[in-house]
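Asks: Structure for this input, please:
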Amino acid sequence: MIGSGKSALAKSLTVRAIATGRRAYVPGDPKGEWAPVAERVGGAVLRLGPGLPARLNPLDAGPADDGGRTRLLAALAETLLGRDLRAGERAALDSAVAAAPQAALVADVIERLVEPDVTRARVDGVPPAERAIDGRDVAHALRRLTRGDLAGMFDGPSTLDLDPTAPVVVIDLSSVGSDDVAVAVAMTCASAWLENALSAAGGVHRWVVYDEAWRLLRCPALVRRMQAQWKLARAHGIANLLVLHRLSDLDAVGPAGSEARALAAGLLADCSTRVIYRQESDQLAGTELALGLTDTERALLPSLPRGCGLWKLPRSTHVVHHRLHVDELAVYDTDFAMSDPALGRDRGQL
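Replies: The predicted structure follows:
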């Protein structure tokens, strides 16, 4: 339930982990709630939005990483088109990425979709004019990053550098607006840039926090890409933290039995630790089924007080009372500003 303490827990976990040498990265903060946390601990806040000066090139990558660029652009195009790419469209995108320069921008790939490389098309046995037709819809979709409502964020060389020593790095997307698809695409572009930056700054264990993750789960192509990245988390020393309002958010991904639902379920299965806060009665059956709760665990959920969660670990389950110092409360708790200041000390007992 909203106001149970999910976001406060995520912020507390990541900040307290700094003392153990871990760092935290938030690749998309659509409400601007993580920026004060980063600033309070001497971290970095990278602000992106239409009209702001900063740019991130999501195609920044190491040598010979055309495969990663293609997967990212395919996921973005599928999300913006609202459907899977056809075989010809995927081939056109592969060719456009391969023909683009090493330091390519999204606009460079769009240009090569519109005017495909003649030699590459002939090697593939496709007339250049046919390849241009295959790439037309993909080019139109990706143009939203360069001329549409997402222009001015991911359409130029990166102007921001990731400080690998910063304890917390937040990419603030609060200026993007409320459109779910736009926010999800922006979060994906930002996370791609962040992943590339992290891969070059190894040797440190990190939290990567996906707050407001329900926005991403509405886009199957982005879920597919996220799941692929999660498979590499241990190799990169990364712990992923995904924050959802309710498990029924997974229902928005697709109908039961669909590939999209299977992907979302797989993402949930890859989370070895689940923290469940107070649930409405109409959410209990779905939560019990998805997480394999016992009758006792299910019965606890509607009565959990604010700040108490059911922590399901691989071999044990605990009811955990999350306590915040009053100084933490003022920074982490998103409801703090709406409460009576005289009650703040009492509400510190989360």
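Asks: Let me see the contact set for Ala121.
Replies: 95, 127-128, 130-131 (CB atoms under 8 Å, 6 or more residues apart in numbering). All C-beta spots, glycine's among them, are computed from the backbone N, C-alpha and C.
Asks: Could you confirm it falls within a strand?
Replies: No - looking at Ala121 with DSSP: H, G, I helix; E, B strand; the rest coil, it is helix, so not inside a strand.
Asks: Turn the contacts of Ala121 into JSON lines, columns for pLDDT and distance to Leu310.
Replies: Output for the contacts of Ala121, formatted as JSON lines (pLDDT from 0 to 100; distance: CB to CB, whole Å):
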{"residue": "Ser95", "pLDDT": "94", "distance to Leu310": "50"}
{"residue": "Pro127", "pLDDT": "94", "distance to Leu310": "60"}
{"residue": "Pro128", "pLDDT": "93", "distance to Leu310": "59"}
{"residue": "Glu130", "pLDDT": "95", "distance to Leu310": "56"}
{"residue": "Arg131", "pLDDT": "96", "distance to Leu310": "54"}
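Asks: from the residues you listed, which would you call buried?
Replies: Buried by 16 or more other CB atoms under 10 Å: 95, 131, out of the contacts of Ala121.
Asks: Now the two most distant members of the contacts of Ala121.
Replies: Spanning the widest gap among the contacts of Ala121 are Ser95 and Pro127, at 12.9 Å by CB to CB.
Asks: Please name every helix or strand in contact with the longest helix seen in the chain.
Replies: Within the chain, and with DSSP state H defining each element, the longest helix by residue count is helix 180-199. Using 3 or more CB pairs under 8 Å, 6 or more residues apart in numbering; DSSP states H and E, the elements in contact with helix 180-199 are strand 23-29, helix 66-81, strand 168-172, strand 206-210, helix 214-217, helix 220-230.
Asks: Just send the ones you listed back as a markdown table, with mean pLDDT too.
Replies: Putting the helices and strands packed on helix 180-199 into a markdown table (pLDDT from 0 to 100) gives the following:
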| stretch | mean pLDDT |
| --- | --- |
| strand 23-29 | 88 |
| helix 66-81 | 87 |
| strand 168-172 | 91 |
| strand 206-210 | 88 |
| helix 214-217 | 74 |
| helix 220-230 | 75 |
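Asks: right, and the ones you listed - which one's nearest Ala299?
Replies: Per CB to CB, nearest to Ala299 of the helices and strands packed on helix 180-199: helix 214-217, 25.9 Å.
Asks: Can you say which of the helices and strands packed on helix 180-199 is nearest to Trp311?
Replies: strand 206-210 (16.7 Å).
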